[in-house]
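Visitor: A structural model of the following input is requested.
(2 chains)
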Amino acid sequence: MVADVRESAVAEQAPRPRREITTGFVVSRIAVLAVAGAILLYAVPPLVAAGAWASLALLGVVSAVICYLYLTRRFVPAKYLIPGTVFLIAFQVFPVLYTVSTAFTNFGDGHRGDKQAAVTAIETGSVRQAPGSPEYALTAALRDGNLVFLLVDPKTKQVQAGTGQGLSPVTGAQVGITGKVVRAPGYTVLKAPEAAARAKDIAALSVPTPGGLIKANGLSRAVEGRAALTYDAACDCVKGEGDTWTADETRGYFVNAKGEHLAQGWQVNVGLDNFTRVLTNPTISGYFFGVFAWNLGFAVASVATTFALGVAVALALHHPRMRGTRAYRIVLVLPYAMPAFAMLLVWRDMFNRDFGLINQLFGLEVDWMGDPVTARFAVILVNLWLGFPYMFLVTTGALQAIPRELTEAASIDGATPWQGFGKVTMPLLLVALTPLLISSFAFNFNNFNAIALTSEGGPFPAENPQVGATDLLITYTFRLAFGAGGAQFGFAAAISVFIFAIVAVISAVAFRRTRKQEEVYA
Amino acid sequence: MRKPALGVAALATLAITATACGGGQSAAPSAAPTASTGATASAGQGGGKLVIWADPNRVKALKPFTEQFGTENGVTVEVKEISKDNQVTFLTASQQGSGPDIMIGAHDWIGNLVQNGAIDPVNLTEEQKAAFSEIALKAVTFGGQVYGAPYAVENIALIRNTDLAPDAPATIEDLVAKGAELKKAGKVKEVLCLPVGQKGDAFHSYPIFASGGGALFGATSTGDPDPKKVLVGAPESVKAFEKLKSLGEKGEAALKTSITNENYIPSFASKKCAFLVSGPWAMGEVKKAGFGYDITPVPPFKDGKPATPFVGVQTFFVAAKGQNKTLAQEFVTNYVTNKDVAKALYEADPRPPALTAALTEAEAADPDAGKFMAAGKDGFPMPAIPEMAAIWEPFGIAEAAVVKGGDAAKAAEAAQKAIDGSLKN
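Guide: Next up is the predicted model:
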């Protein structure tokens, strides 16, 4: 690898004298590739251990391609494109594909693992102590190098040896005060640390008895238990407790004749079920348009108010006769610099009717978060406060790029300041800022925090506890997917696919229009 | 002009190369199956290591005992602090095989943890079982199996400022009358500090709801809550909601949506109200406030049913997918059931111990523990069934609606409908 670099460095010098190859350039390139190699090596052992050969091969190919790419002088465009592409795949394409694939499963609480895990959980969860069986004191010991349980019945003080074959009596064993075996002829008694070192073997050993199995319960006790429920592969069902539960591969549950299912299920493919649920669920379809309209209004109002205030402040500070602009700028950026989470919670408390700062300051008695209109006003106000510094910053930047001569020329031509702003400055600003406005819209459309941390979607009308007046699609569906029935990742994924489609359509339309606008002004 | 531009381009290339090689490599494996990476990373652990996940309060208190356990058994014990979304974090990590061997959490997680196969039953001897208070043992028993070792019991009670209200109210009516009298005299601002908030608070309002005759679930033949019989919209519950309404903003103004989980304890501590409905977690702040206080059970309505609070039991669980189950079982069954451990945990965070012997000692040192325990004596262990998740929010919203003066029958019916909808009853 190092030799390659030197070769390419030397080679690069000859035909292209205009690009100077300094030592620093070569060293930094080697360093970067060395770090890349280190990260690659770091990822190899876990992949090998997991037997993920396909992933390992992919990793190898990707690394080889990247290193080759940056060690040769060719493929200059690819050198620029690869980093972005890799990030795009890792952080955009992969999550989107993963979300979409999850939407076709019932992944969620009760269906997190595979069927094997569910069977294991059902069986272990049903193990009950055999009635009347003794609470054996357990001593782990070795006989001929094999692990043996020395079991003492606390009542009779009788000592037995338990192996995978069953129980056999032990004679001449000496039992200590704790009830454990201290010495037994023919056995090597394990001390606590020695036993702890074999914890896995101890957990694996089960001693068959007529009534069930004796298993270790910790290092010092053993219990005779029996699984009340057992899985029968022949009928693909779980039997026990006088009932039979048959595997239902469409639901991922073991179901009995009465339609009841065992608690532990597994993940199965449910096809389009989640999508049909979104479309046919009366609580979703019945309120969709109301929530969607407010969601749209919230996003538009957030963008419009933050942009208006941001532009106004930026223009004021851009004025040549303005003094102390630096101090103002620092103060104005503060809301942007503070953690939004904390600020949202502070605002929520300020809107409290009886204890909040706002009512106390103005001597009001308004139940801000308790009335639909005021709650909507309040969340938009909070979002304005949080969002305008960003608009102020980008507008300030864009204003520097608009030559002052243009507005001066306009005023010489007799334009009023308003006309100058509306006809010259604003259109030029919009060319630069429209893409940012669209992304701001997309962000606010899904601005979960702004709602979840302030109004929590409320206020809720008494006759409907599921849709609040300030609920966005994202907070509303979050409640449906995670609030009521535990976590339902599959359902949540289906909903996000829908929301993704909505935002994508709106953004695509907006970008089309921007392109037309750019053609006009550019 | 041309030369500097080229230099800039070269620099930019370099910068991009740097990010590409560094970032690109790390991104590629992360795009590959992350689950398998997680699994193997933890498979390497195992051996002689026991991993315990606890919330911040308990990490320190556990240290001396985990160290003792470690030296006795020649293993290393790692106590890891988990401070947010503990249940979800545990479930996700367990599924990936990177979870702990022992998890500490509330007993009402049991239903969800069991349906996800994340915990194993714990086998306690009859003697060990007898050492726990009855309600603690009942709470950790799910479907006839004991699913963890309880160590602390917590429930809410009525905490009152004895400087303002010397006598414990016998009924809610007395409480409201006394609170209103103090408010009229200008001594307090609020009648009662009980959090409601805009979305209601089922946990804190449940005693009053229960005293009004309301119920959440019917009972199965074994006496467990029956998720097929949701009673939130039943006529008795509607009556209980009516009573909550009469205490609400349009009635006595004892319950208010402006009193929230964030401000109810500070309000009591700053003498804005003489009565507080809260649990042991409030005591730190209450003691600091420096006035006389007493803890009594939440009173019932006159001629009403008992005001039973929810009881929550903090529990040590044995993770089903832990790497070292034998050691985990040993620790949970033989260490957590130890009185000294229970006492140390009590000192770190004063929640009444579940072990009767430890409670007696804690009580001698601090009578509050015993008073809380007495207030929760007839309490109702929070239902551990996974279906309980469907109750909290609709119930809370119905509560907030009636507190604001909404129609009780409508609110209860809507809540019932929402709950039935999500439980598919």
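
Visitor: just checking, A:Asn352 touches B:Asn263?
Guide: Yes - under the criterion of Cβ atoms under 8 Å, A:Asn352 makes contact with B:Asn263 at 7.1 Å. C-beta here means a position set from N, CA and C on the backbone, and glycine is covered the same way.

Visitor: quick check: mean pLDDT across stretch A:509-522?
Guide: Averaged over stretch A:509-522, pLDDT sits at 73.

Visitor: element containing the nearest residue to B:Thr296 once chain neighbours are set aside, please.
Guide: Leaving out its chain neighbours, the residue that sits closest to B:Thr296 by Cβ to Cβ, 6 or more residues apart in numbering or on different chains is B:Ala168, at 4.3 Å. According to DSSP states H and E, B:Ala168 maps onto no helix or strand at all.

Visitor: Mind pulling up the pLDDT for B:Ala168?
Guide: Listed pLDDT for B:Ala168 reads 90.

Visitor: list the buried ones in stretch B:347-356?
Guide: By neighbour count with 16 or more other Cβ atoms under 10 Å in any protein chain shown, stretch B:347-356 contains the buried residues B:349-356.

Visitor: Ok, stretch A:305-318 next?
Guide: Quick answer for stretch A:305-318 (16+ other Cβ under 10 Å): A:305-307, A:309-311, A:313-315, A:317-318.

Visitor: before we move on, the earlier item: could you give the backbone dihedrals for the residue nearest to B:Thr296?
Guide: When quoted as degrees, to the nearest 10, the phi and psi of B:Ala168 stand at phi -70, psi 130.

Visitor: now it: how far from chain A?
Guide: 26 Å (Cβ to the nearest Cβ, to the nearest Å).

Visitor: what's the answer for B:Val403, then?
Guide: Per Cβ to the nearest Cβ, B:Val403 is found 10 Å from chain A.

Visitor: so where is chain B shaky, pLDDT-wise?
Guide: Along chain B, the model assigns pLDDT under 70 to residues B:1-47, B:425.

Visitor: domains in it, as residue ranges please.
Guide: Domain assignment for chain B by automatic domain parsing gives B:48-154+B:312-381, B:157-308+B:385-423.

Visitor: So which residues of chain B form strands?
Guide: For chain B, strands defined by DSSP state E occupy the ranges B:49-54, B:76-81, B:102-106, B:119-120, B:141-142, B:145-146, B:149-155, B:157-161, B:217-219, B:225-230, B:275-278, B:293-296, B:310-319, B:380-381.

Visitor: Dump those strands to a markdown table, plus distance to A:Tyr390.
Guide: Formatted as a markdown table, the strands of chain B follow (distance: least, Cβ to Cβ, whole Å):
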| stretch | distance to A:Tyr390 |
| --- | --- |
| strand B:49-54 | 38 |
| strand B:76-81 | 35 |
| strand B:102-106 | 40 |
| strand B:119-120 | 46 |
| strand B:141-142 | 50 |
| strand B:145-146 | 54 |
| strand B:149-155 | 44 |
| strand B:157-161 | 45 |
| strand B:217-219 | 49 |
| strand B:225-230 | 46 |
| strand B:275-278 | 40 |
| strand B:293-296 | 48 |
| strand B:310-319 | 43 |
| strand B:380-381 | 49 |
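
Visitor: Put together TSV for the ones you listed, with distance to A:Pro95 and mean neighbour count on each row.
Guide: Formatted as TSV, the strands of chain B follow (distance: least, Cβ to Cβ, whole Å; neighbours: other Cβ atoms under 10 Å in any protein chain shown):
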stretch	distance to A:Pro95	mean neighbour count
strand B:49-54	27	23
strand B:76-81	27	16
strand B:102-106	28	25
strand B:119-120	30	27
strand B:141-142	36	21
strand B:145-146	39	18
strand B:149-155	40	26
strand B:157-161	47	25
strand B:217-219	39	14
strand B:225-230	35	19
strand B:275-278	42	24
strand B:293-296	50	19
strand B:310-319	28	25
strand B:380-381	40	21
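
Visitor: Give me the longest helix you can find in chain A.
Guide: helix A:282-318 (DSSP state H).

Visitor: Who are the contact partners of the residue nearest to B:Thr296?
Guide: B:158, B:160, B:294, B:296, B:299 (Cβ atoms under 8 Å, 6 or more residues apart in numbering or on different chains).

Visitor: A:Leu317 against A:Arg326, yeah?
Guide: No - using Cβ under 8 Å, A:Leu317 is not in contact with A:Arg326, being 9.5 Å away.

Visitor: just to revisit the earlier point, could you redo the domains of chain B as TSV and give each row distance to A:Asp109?
Guide: Formatted as TSV, the domains of chain B follow (distance: least, Cβ to Cβ, whole Å):
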stretch	distance to A:Asp109
domain B:48-154+B:312-381	6
domain B:157-308+B:385-423	7
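
Visitor: quick one, which of those domains is nearest to A:Asp236?
Guide: Comparing the domains of chain B against A:Asp236 with Cβ to Cβ, the closest turns out to be domain B:48-154+B:312-381 (18.3 Å).

Visitor: Compute the first-to-last residue distance for that closest one.
Guide: 36 Å (Cα to Cα, to the nearest Å).

Visitor: for the residue nearest the centre of chain A, helix, strand, or coil?
Guide: Taking Cα atoms, centre = their mean, the centroid of chain A lies closest to A:Pro95, which sits 9.9 Å from it. Per DSSP: H, G, I helix; E, B strand; the rest coil, the local secondary structure of A:Pro95 is helix.

Visitor: ok, back up a step: looking at A:Asn352 and B:Asn263, which has the bigger crowd around it?
Guide: A:Asn352 (24 against 20; other Cβ atoms under 10 Å in any protein chain shown).

Visitor: Next, count neighbours for the nearest residue to the more buried one once chain neighbours are set aside.
Guide: Spatially, and ignoring its direct neighbours in sequence, A:Asn352 is nearest to B:Ser258 (5.3 Å; Cβ to Cβ, 6+ apart). Here the count is done by other Cβ under 10 Å, and B:Ser258 has 21 residues near it.

Visitor: show me the contacts for B:Ser258.
Guide: A:352-356, A:367.

Visitor: quick one, phi/psi of it?
Guide: phi -80, psi -10.

Visitor: returning to that earlier point: got the buried residues for the helix or strand following the longest helix of chain A?
Guide: Downstream of helix A:282-318, the first helix or strand assigned by DSSP H and E is helix A:325-337. By neighbour count on 16+ other Cβ under 10 Å, the buried set for helix A:325-337 is A:329, A:332, A:335.

Visitor: Show me which of these is closest to A:Ile284.
Guide: For the buried residues of helix A:325-337, the nearest to A:Ile284 is A:Pro335 (35.0 Å; Cβ to Cβ).

Visitor: Kindly provide the distance from the residue nearest to the centre of chain A to A:Phe500.
Guide: To A:Phe500, A:Pro95 is 11 Å away according to Cβ to Cβ, to the nearest Å.
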